[in-house]
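Enquirer: what's the 3D shape of this:
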Amino acid sequence: MTRAHRERRLAVVPRWVLVLLVATFVLQTALAGTRPRPVARAQDLAPAPPVAWLRVASAGEPIAFGYGMALYLQAFDNQPGISIPFGELDYPRVIGWLAAMLDLDPRNQYPMLLATQVYASVSDPARKRLMAEFVHEQFLRDPEQRWRWLAYTAILAKHRLKDPALALRYARDIARLARTAPGWARQMHIFLLEDLGELESAKILLGGLLASGEIKDERELYFLTERLKDMKNDEKPSFPSKE
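Expert: Alright, predicted model coming up:
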């Protein structure tokens, strides 16, 4: 018997079998549409490895290894099948990774860049403050190399956190510790005092700065001299005109 004879034609299949097959297919399709889609679950960020282990693992190449750590941390918010908002990351652990990178290679500015430009950009004020304090702590360890990141954080504290007192604390530390920072960064605390209504304190500090002879640039000297005049004029009592 040939294969053609062994195969049954569709016409000879009972109608109830065809109906059952079609119904089964429709039912499977319907059930598949009602099942929830598989949900990718975010993995928790592990604590940063000990610095001693990182030094051994870097095999004498701390710069390259530190950048590898930064890439790993940056990529952690994009896991297979899911994108994790920065605001949902475990910030103490993120800070642990950033600090470990700096301990491994203190000259590396990239962790400070990530802290100020990426992880401080979330909408959650609590996480912003955590990152701001991390930047301040790292500034205190190396003021001359890290002042610019604290200056940015002072601006963030004033405008995004709406906390001028915190901004003033950071700006005062820049003026006190970062002797090689440019004038605008070391003078930031004066203008923050003015914004806080501490006009007399701002005048005293600005007058002392001008009298010290520290300012060498003529344009900067002119600007600050004019600003001091404006501060003094702002305090003069205004009298109604006799008309």
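
Enquirer: rest of the way, CA atoms for contacts and neighbours
Expert: OK.

Enquirer: in the protein, which spans are strands?
Expert: Ranges of strands in the chain, per DSSP state E, are 78-79, 82-83.

Enquirer: check those strands for me: which has the lowest mean pLDDT.
Expert: Ranked by mean pLDDT, the strands of the chain end with strand 82-83 in last place, scoring a mean of 44.

Enquirer: from Lys128, how far out is the spatially most central residue of the chain?
Expert: Centroid-nearest residue in the chain: Tyr119, 2.2 Å away (criterion: CA atoms, centre = their mean). Tyr119 sits 8 Å away from Lys128, going by CA to CA, to the nearest Å.

Enquirer: what's the answer for Gln109, then?
Expert: In terms of CA to CA, Gln109 sits 19 Å off from Lys128.

Enquirer: likewise for Arg93?
Expert: 14 Å.

Enquirer: and if you look at Ala202?
Expert: For Ala202 relative to Lys128 (CA to CA), the value is 28 Å.

Enquirer: how about Ala167, what does it touch?
Expert: By CA atoms under 8 Å, 6 or more residues apart in numbering, the contact list for Ala167 reads Thr153, Ala154, Ile155, Leu156, Ala157, Lys158, Leu192.

Enquirer: give me that answer again for 7 Å
Expert: Ala154, Ile155, Ala157, Lys158 (CA atoms under 7 Å, 6 or more residues apart in numbering).

Enquirer: now swap in Trp147 and tell me
Expert: Phe139, Ile174, Ala178, Ala181.

Enquirer: the more surrounded of Arg93 and Lys128?
Expert: The neighbour count for Arg93 versus Lys128, taken as other CA atoms under 10 Å, is higher for Lys128 (24 against 15).

Enquirer: ok, the residue lying closest to that one once chain neighbours are set aside - how many residues close by?
Expert: In this structure, Lys128 finds its nearest non-sequential neighbour in Ala120, 4.9 Å apart by CA to CA, 6 or more residues apart in numbering. If you count neighbours by other CA under 10 Å, Ala120 ends up with 25.

Enquirer: pLDDT score for Ala120?
Expert: So Ala120 comes in at 92 (pLDDT).

Enquirer: before we move on, what about Phe139?
Expert: 98.

Enquirer: grab the nearest non-local neighbour of Trp97.
Expert: Using CA to CA, 6+ apart, the closest residue to Trp97 is Ala48 (5.0 Å).

Enquirer: make sure that neighbour is actually in contact with Gly96.
Expert: Yes: the pair Ala48 / Gly96 is scored as a contact, 5.7 Å apart, by CA atoms under 7 Å.

Enquirer: got a list of what Glu194 touches?
Expert: Counting by CA under 7 Å, 6+ apart, Glu194 makes contact with Ala202.

Enquirer: no, scratch that, I was asking about Pro143
Expert: Here Pro143 is in contact with Leu177, Ala178 (criterion: CA under 7 Å, 6+ apart).

Enquirer: how close does it sit to Arg186?
Expert: As judged by CA to CA, Pro143 and Arg186 stand 12 Å apart.

Enquirer: can you check Leu205 too?
Expert: For Leu205 relative to Arg186 (CA to CA), the value is 11 Å.

Enquirer: and the pLDDT at Pro14?
Expert: Note for Pro14: predicted pLDDT of 62.

Enquirer: and the helices in the chain?
Expert: 3-6, 15-34, 51-57, 62-75, 91-104, 110-113, 125-141, 143-159, 164-177, 183-186, 188-195, 199-212, 218-235 (DSSP state H).

Enquirer: all set, thanks.
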